[in-house]
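Peer 1: need a structure here:
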Amino acid sequence: MEIEDQNDYREQLLDWCKNIYIYWDNMKPRFSKLFDIKSLDEWEESCRILMDKLESDFEVNLEDYHKATRLYEQWEILFNESKGYQENVESLERNNGSISFSY
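Peer 2: Residues are numbered from 1 along each chain as shown. Below is the predicted model of the structure:
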């Protein structure tokens, strides 16, 4: 990979990391109610380590790409599971709200 291409790729990967970390920061309160804190902390730390590397090192290697891919896959699982959980809660709330009791 040419140096210019590698630098562009590094910048794009760094922008991606920063964007997903912003989403992470917004979703962390919801995630922390549903998932174990240790796993969440590990995801956050891995993302920070990758961002730090990309900010300080101009060489991007295949491992950086694989790490970003794994972070995204984990993010997607967390997001989808939390979304499913939220939909179930909303459905239960709707159903409970429509139940009437007669005495």
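
Peer 1: pick out the residue nearest the middle of the chain.
Peer 2: By Cα atoms, centre = their mean, the chain has its centre lying nearest to residue 75, at 3.3 Å.

Peer 1: do you know how far that residue is from residue 52?
Peer 2: 18 Å (Cβ to Cβ, to the nearest Å). In this view, the C-beta of every residue, glycine as well, is placed from N, C-alpha and C.

Peer 1: how about residue 13?
Peer 2: Relative to residue 52, residue 13 is positioned 13 Å away (criterion: Cβ to Cβ).

Peer 1: settle it for me: which of those two has more neighbours?
Peer 2: residue 13 (19 against 11; other Cβ atoms under 10 Å).

Peer 1: gap between that one and residue 73?
Peer 2: Residue 13 is 15 Å from residue 73, where distance means Cβ to Cβ.

Peer 1: what do you get for residue 56?
Peer 2: 25 Å.

Peer 1: equivalent analysis for residue 81, please.
Peer 2: Going from residue 81 to residue 73 by Cβ to Cβ gives 13 Å.

Peer 1: okay, those two: which has more neighbours?
Peer 2: Higher neighbour count among residue 81 and residue 73: residue 81, with 13 against 10, using other Cβ under 10 Å.

Peer 1: OK, contacts around the more buried one?
Peer 2: Going by Cβ atoms under 8 Å, 6 or more residues apart in numbering, residue 81 touches 34-35.

Peer 1: for it, what is the enclosing helix or strand?
Peer 2: Per DSSP states H and E, residue 81 falls inside helix 62-98.

Peer 1: which residues sit in contact with residue 59?
Peer 2: When contacts are counted by Cβ under 8 Å, 6+ apart, residue 59 touches 6, 10.

Peer 1: ok, it to residue 6 distance?
Peer 2: Between residue 59 and residue 6 the distance is 7 Å, computed by Cβ to Cβ.

Peer 1: can you check residue 78 too?
Peer 2: Separation of residue 78 from residue 6 (Cβ to Cβ): 30 Å.
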